[in-house]
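> Give me the fold of what follows.
(2 chains)
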Amino acid sequence: MSALQIVVIHPELLGTYGDIGNARILAHRARVRGIAAEIIFSPHNQSLPTTADIYLLGGGEDRAQIASVEALRSSLGVLGGALDRGAQLFAVCAGLQIIGESFPGVSGEIIAGLGLVPIVSLPGSDRIVGEVLVKSDLFTEPLTGFENHRGRTDLGGLSPLGRVLVGGGNGGEAIAINERVDGLVAGNILATYLHGPALARNPVLADHLLSRVAGALPEVPEREEIAELLALERRRALSAANFGK
Amino acid sequence: MVARAISLLSRVLRQGEGATLSGKVLLALRPRAISELTRGRKVVLVSGTNGKTSTSSMLAAMLSEKFIVGGNRTGANLNTGIAASLVGAKKCTLLIFEVDELYLPSMMEATLPELVLLLNLSRDQLHRTQEVRIVARRWHEALAKFPDTPVVIDSSDPFLASVGRDHGPMTRIGFGKRSHLDAASCPTCGSMLDWRGAQFACQKCGLGKVPADVELGEMSAVERNHALAGYVAQYFGVQDLTKFSPRDRISTLLLGGIEIALRLVKNPSSWQEGLSSLADEPVILVVNARGVDGLDTSWLWDIDFTPLKGRYVVITGDRKLDAAYRVHVDGIGYSLVDSLSIAATQIHRDGFTRAQALTSYTAFIDATTRVKGKR
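The predicted structure is shown next:
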């Protein structure tokens, strides 16, 4: 098979939170298993590659987010077509908001999103900033990450990535902790508010995305245990801080 | 008097904290102390994401030719650190304050500076300053309240060009075209910046089209800051700068039988700068994520660590695993240890007498105050 293509959409706009790391992790975890992988940077002033396997949308500042969505409107057909043929989209934070129906602009005005999923983001009363622990049914252990966003996202009945055990997630503090959720899983779209970057902090999530395009994956070599050590340490640090374990 | 006694006491109690505790007490007793104690005196404010402490220190050395210079020289750059530095500074004829980015507007109001020097603006501690653009907007508003205050900027930084776009007494020093991680879009109007020419330019609002007053071409961060400090010194009448040279904020520490050159690195641009100027000696990375370091370590992935290839690398700090995984993905071998002392001991055991450390802010302060305490 030809090399796995990973597209970083608008890295110059949506790369404020080390988001490029998600692409690096995906390529790395593919390569250590003998799967050739290629990272393609797709800036806003060029059309989106049509044949890639995984598309990544990262986090960014308000204005950059708006500039990105404006540039993406003309590539909407490419993105929709890619998802239809089985490509995966992983969207983080601003990326999660962009793929929905609408999100808040610089002064709270409503900006039309790409409408790939029927979710709506609204401005929150304050910024949610801090470590997050999320239990997803997809994985045995909880995911961890760092969230930093003002927007709140209503999934409109779609499935979240998981339940929030610590932190704000999509809804923030306006929602009771036992009902808080983070992210979105819808068809070939997986989205979250988690930075860290999410795939560095959660190798299971990286592998899950890879397996969606490459099928069952062989084990990673032993030298990759640093990824598991980091994930374990972050889970423990969060659990210890919040549950006294 | 009370404040001085408290300063002494807090220094005895714990090294490092003394730089702000007396300021806290002073401000609690006299909320307008900074304003009162600086009134009628020459004040220079220095702010920016990187290089505040080293630049203020270079500038203080230059201006000491002509003035008795005071101010906060230890990196304590919030209102409390500035207040603390005013304790016992009665004889000083000129005060240089390095100011935290978010405190610049309030410190301008309090100190009515004679001149403001702005070094650079880039992503830093995103959980706190949130967005570089917000800081730039606040600075622009702050300058508007002081239309007659001279301001010196590095105009090759699009954010500073934006901050000073309509300020009258503005000295723009250009340093060639320099890429900027956060400036794909225009800091003023949000449309895409055009980076194709000799300088960035906004085709919509015209940002970047005002030529620099002086164009000095590309140089390292510390050389840029040295040059900017030189312009400020000349403003105050110090003309002969030949004996001053660029100085970084590097501290030397004797630990575990070796000498460690500690360099403060706190965000992607200062890390990249640090990685590009490594000597041929073992490298220790100390990564923390406490308060002022920034709680989110995502920025590690914005840095290109490949300059570490083939080097002897030891990683420590609270978030050593985040750093280790990052350099691992760049194909770099490393060893993990639990403290700077253990790193030093291991490097000594392996036959080296010197090492260099790139350290997060809190790790830098820990290490530099510890060595003072031992002596």
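> how about the residues of the stretch 251-375 of chain B near chain A?
Those residues of the stretch 251-375 of chain B that sit near chain A, judged by CB under 8 Å from any CB of the partner chain, are B:295-302, B:321-322, B:324-326, B:328-329. For the C-beta atoms, the positions are set from N, CA and C on the backbone; glycine is no exception.
> what about 10 Å?
B:268, B:289, B:294-303, B:318-331, B:333-334, B:336 (CB under 10 Å from any CB of the partner chain).
> Buried ones only from those, please, as a ChimeraX command.
A single ChimeraX command is used to select the members of these judged buried by 16 or more other CB atoms under 10 Å in any protein chain shown:
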select /B:268,289,294,295,296,297,298,299,300,301,302,303,318,319,320,321,322,323,324,325,326,327,328,329,334
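> Work out for me the element the residue in chain A that chain B sits nearest to sits within.
The minimum distance from chain A to chain B, using CB to the nearest CB, falls at A:Gly21 (2.9 Å). For A:Gly21, the enclosing helix or strand under DSSP states H and E is helix A:20-31.
> buried residues in that helix?
So for helix A:20-31, counting by 16+ other CB under 10 Å, buried means A:Ile20, A:Gly21, A:Asn22, A:Ala23, A:Arg24, A:Ile25, A:Leu26, A:Ala27, A:His28, A:Arg29, A:Ala30.
> how far away is the closest residue to the second one other than its chain neighbours from B:Val222?
What that stands for is A:Gly21. Nearest non-adjacent residue to A:Gly21, counting by CB to CB, 6 or more residues apart in numbering or on different chains: B:Trp301, 2.9 Å away. Per CB to CB, to the nearest Å, B:Trp301 is found 25 Å from B:Val222.
> And for B:Ala84?
26 Å.
> Helix, strand or coil: sort out the residue in chain B that chain A sits nearest to for me.
Nearest residue of chain B to chain A (CB to the nearest CB) works out as B:Trp301 at 2.9 Å. At B:Trp301 the chain is in helix, as set by DSSP: H, G, I helix; E, B strand; the rest coil.
> mind listing what it touches?
A:15, A:17-25, A:195-197, A:199-200, B:268, B:322, B:325-326, B:329 (CB atoms under 10 Å, 6 or more residues apart in numbering or on different chains).
> so of the residues of the stretch 251-375 of chain B next to chain A, which ones are in helices?
B:Pro268, B:Lys320, B:Leu321, B:Asp322, B:Ala323, B:Ala324, B:Tyr325, B:Arg326, B:Val327, B:His328, B:Val329 (DSSP state H).
> Pass me the low-pLDDT residue ranges in the chain, would you?
Just going to use chain A. Judged by pLDDT under 70, chain A has its weakly predicted residues at A:1, A:244-245.
> Chain B, not that one
B:1-18, B:125-130, B:370-375.
> so what's the closest residue to B:Ser156 other than its chain neighbours up against?
What sits nearest to B:Ser156 in space, not counting adjacent residues and going by CB to CB, 6+ apart, is B:Phe175, at 4.5 Å. Shown in contact with B:Phe175 (CB under 10 Å, 6+ apart): B:120, B:154-157, B:212, B:214-221, B:223-224, B:227-228.
> now B:Phe175: how far from B:Ile332?
30 Å.
> likewise A:Gly124?
40 Å.
> how about the longest helix seen in chain A: buried residues?
Taking DSSP H as the criterion, chain A has its longest helix at helix A:225-243. By neighbour count on 16+ other CB under 10 Å, the buried set for helix A:225-243 is A:Ile226, A:Ala227, A:Leu230, A:Ala231, A:Glu233, A:Arg234, A:Arg235, A:Leu238, A:Ser239.
> Then stretch B:249-262?
So, applying 16+ other CB under 10 Å, buried residues of stretch B:249-262: B:Arg249, B:Ser251, B:Leu253, B:Leu255, B:Gly256, B:Ile258, B:Ile260, B:Ala261, B:Leu262.
> Tell me the span between the first and last residue of stretch A:57-68.
With CA to CA, to the nearest Å as the measure, the ends of stretch A:57-68 fall 10 Å from one another.
> next one: that stretch to chain centre, how far?
Centroid separation for stretch A:57-68 versus its chain: 14 Å, with CA atoms, centre = their mean, to the nearest Å.
> and if you look at stretch A:97-107?
16 Å.
> how about the helices in chain A?
Using DSSP H, helices in chain A cover A:20-31, A:62-73, A:76-84, A:94-98, A:198-201, A:203-214, A:225-243.
> again, but for the stretch 51-200 of chain B
Counting by DSSP state H, counting those that start in this stretch, the segments of the stretch 51-200 of chain B that form helices are B:52-63, B:79-86, B:104-111, B:126-129, B:132-144, B:158-163.
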